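Engineer: Got a predicted structure plus its sequence, pasted below:
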Amino acid sequence: MTAIVQNLVTSGVFELDGGSWNVDNNVWIVGDDTEVIVIDAAHDADAIADVVGDRAVRAIVCTHAHNDHVNAAPALAERTGAPILLHPDDRVVWDLTHPDRAPDGELADGQRITVAGTDLTVLHTPGHAPGAVCLHSPDLGVLFTGDTLFHGGPGATGRSYSDYPTIVRSIRERLFALPETTTVHTGHGEGTTIGAEQATSTTWPEA
């Protein structure tokens, strides 16, 4: 069975730099009838576990460590036994939310994560956060971008540990090199395609 992609939307609060905002997050579950990975365990471990059911969770993959993307990760890891994987450059952000609980493993650029016979390649795409990553599956024709690329352009860079020229470079050099037909599954809101975002990128502010 080829891996399928499931989407769960959870709601909670994003907190950084002394501010807080109510947000809806996309949680992505990729796998088959027996095993899955969870991309961005946001807000509600019980809701995520309900969608997973009795399938084995091979990994909890963090596209970055802002609290709204990782706040349910430890609880989900405890419930499922799955390791939490994070790029080491985002450990400083992770520690803001989970100072007493380290991730279980590191993500690296070019690393392949395999689930249900399907490979997802880790692309290090800093800018929104220093250790932000995207996950690309050529077999499924999809890219999971976290908060690096949205329908309408780059993710936010107005807060600590972010940088606009860096995120634009990540998108243009790493993501726009992918096929234009690639479906983009984002960390919040509706999806898009690489081609659609490439077509509108000429309107972005200069990096």
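Structural biologist: Noted; the coordinates are in hand.
Engineer: And the strands in the protein?
Structural biologist: Using DSSP state E, the strands found in the chain span residues 4-16, 19-31, 35-39, 56-61, 84-86, 105-106, 112-115, 118-124, 133-137, 142-146, 149-150, 153-154, 183-186, 192-193.
Engineer: How about residues contacting the first one?
Structural biologist: Same thing as strand 4-16. The contact list for strand 4-16, computed with C-beta atoms under 8 Å, 6 or more residues apart in numbering, reads 20-32, 42-44, 47-48, 51, 66-68, 71-72, 96, 140, 142, 159-160, 185. Where you see a C-beta, it was placed from the backbone N, CA and C, and this is true even at glycine.
Engineer: Now, of these, which are buried?
Structural biologist: Buried subset of the contacts of strand 4-16 (neighbour count, 16 or more other C-beta atoms under 10 Å): 23, 25-31, 42-44, 47-48, 66-68, 71-72, 96, 140, 142, 185.
Engineer: Spit out the contact partners of I113.
Structural biologist: Applying C-beta under 8 Å, 6+ apart, one finds that I113 lies in contact with I37, R58, A59, V61, L85, D119, L120, T121, V122, L135.
Engineer: switch to 6 Å and redo it
Structural biologist: By C-beta atoms under 6 Å, 6 or more residues apart in numbering, the contact list for I113 reads L120.
Engineer: what bridges to it?
Structural biologist: Judged by DSSP bridges, the bridge partners of I113 are L120.
Engineer: From L135, how far off is it?
Structural biologist: Counting by C-beta to C-beta, to the nearest Å, the gap from I113 to L135 is 7 Å.
Engineer: which residues do these two both contact?
Structural biologist: Joint contacts of I113 and L135 (C-beta under 6 Å, 6+ apart) are L120.
Engineer: related to what we said a few turns ago, could you dump the strands of the chain into a markdown table with distance to L175 added?
Structural biologist: Putting the strands of the chain into a markdown table (distance: least, C-beta to C-beta, whole Å) gives the following:
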| stretch | distance to L175 |
| --- | --- |
| strand 4-16 | 18 |
| strand 19-31 | 17 |
| strand 35-39 | 16 |
| strand 56-61 | 17 |
| strand 84-86 | 20 |
| strand 105-106 | 22 |
| strand 112-115 | 18 |
| strand 118-124 | 7 |
| strand 133-137 | 7 |
| strand 142-146 | 7 |
| strand 149-150 | 6 |
| strand 153-154 | 10 |
| strand 183-186 | 8 |
| strand 192-193 | 11 |
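Engineer: With mean pLDDT and distance to V168 as added columns, please give those in a markdown table.
Structural biologist: What follows is these, written out as a markdown table (pLDDT from 0 to 100; distance: least, C-beta to C-beta, whole Å):
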| stretch | mean pLDDT | distance to V168 |
| --- | --- | --- |
| strand 4-16 | 98 | 21 |
| strand 19-31 | 98 | 22 |
| strand 35-39 | 98 | 23 |
| strand 56-61 | 98 | 24 |
| strand 84-86 | 99 | 23 |
| strand 105-106 | 98 | 25 |
| strand 112-115 | 98 | 26 |
| strand 118-124 | 98 | 15 |
| strand 133-137 | 99 | 14 |
| strand 142-146 | 99 | 14 |
| strand 149-150 | 98 | 10 |
| strand 153-154 | 98 | 6 |
| strand 183-186 | 98 | 16 |
| strand 192-193 | 98 | 16 |
